[in-house]
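>>> I'd like to go over a predicted model; first the sequence, then the structure.
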Amino acid sequence: DIQMTQSPSSMSASLGDTVTITCLASQDIGKYLNWYQQIPGKSPKLMISGATDLADGVPSRFSGSRSGSDYSLTINSLGYDDEGIYHCHQYYEYPFTFGSGTKLAIE
Amino acid sequence: QVNLLQSGAALVKPGASVKLSCKPSGYPFTDFYIHWVKQSHGKSLDWIGLIDPNSGSTNYNEKFKNKATLTVDRSTNTAYSELSRLTSEDSATYFCARWGVLRSGFAYWGQGTLVTVSS
């Protein structure tokens, strides 16, 4: 199975800050990487697909990038609405696998 | 609009089984696979497997092959995930999800079903 190593496990940042969350794939997965946001008590929401493509209705403050097997989610101008858990997900092959999640708190 | 409605929370005894349901609406039931995802301790996600509602064929994560059984009922347009021989490790929230059309990813999710295994 493809392992997705996500970091950090948790982080806190201030209103207006820029944060970056990363995922490292254990093998080549090309562009087959998604990012989800999960607000406490809610279902995950697709934010980025294909490593870099913004999903419908997602603010342009969110962006995804790729460098080899390293994938990053960057959030600019943090707001209170951005607090939650962020998950990366590879869909290069079955079984689909997820990173361990990053809990983002806004101070 | 697309909606996936899941069954309510379940409290089950160790060793028992539980059958979770997921009823999609807003699109033809047989057009998209239904996936099941486990969320433990409110954080990490684990893909359980998928079922093709058209054929009933399944693809399981090896990790859940002896734990979950995925089925569909085409007469009621409902997907099911039955979890057997439950232990405390199975206490989690279980989601059903569907792939998007324009975007490759789980664009639609059920609201989740909390399963608590306790005597």
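Thanks, I have the structure now.
>>> low-scoring pLDDT stretches of chain B, where are they?
For chain B, no stretch is flagged by pLDDT under 70.
>>> which parts of it sit against chain A?
Neighbours of chain A within chain B, by Cβ under 8 Å from any Cβ of the partner chain: B:35, B:42-47, B:49, B:59, B:61-63, B:95, B:100, B:102-107, B:109-112. In short, each C-beta sits where N, CA and C put it, glycine included.
>>> So which residues of chain A form strands?
Using DSSP state E, the strands assigned to chain A run over residues A:4-7, A:10-13, A:19-25, A:33-38, A:45-49, A:53-54, A:62-67, A:70-75, A:84-90, A:97-98, A:102-106.
>>> for residue 66, what are its contacts?
Unless you meant another one, I'm taking chain A. Contacts for residue A:66 (Cβ atoms under 8 Å, 6 or more residues apart in numbering or on different chains) come out as A:31, A:33, A:51, A:52, A:72.
>>> My question was about chain B, not that one.
Counting by Cβ under 8 Å, 6+ apart, residue B:66 has contacts residue B:84.
>>> Can you give me the separation between it and chain A?
Distance of residue B:66 to chain A, given as Cβ to the nearest Cβ, to the nearest Å: 15 Å.
>>> in chain A, which residue is closest to the centre?
Closest residue to the average C-alpha location of chain A: residue A:35 at 3.8 Å, with Cα atoms, centre = their mean.
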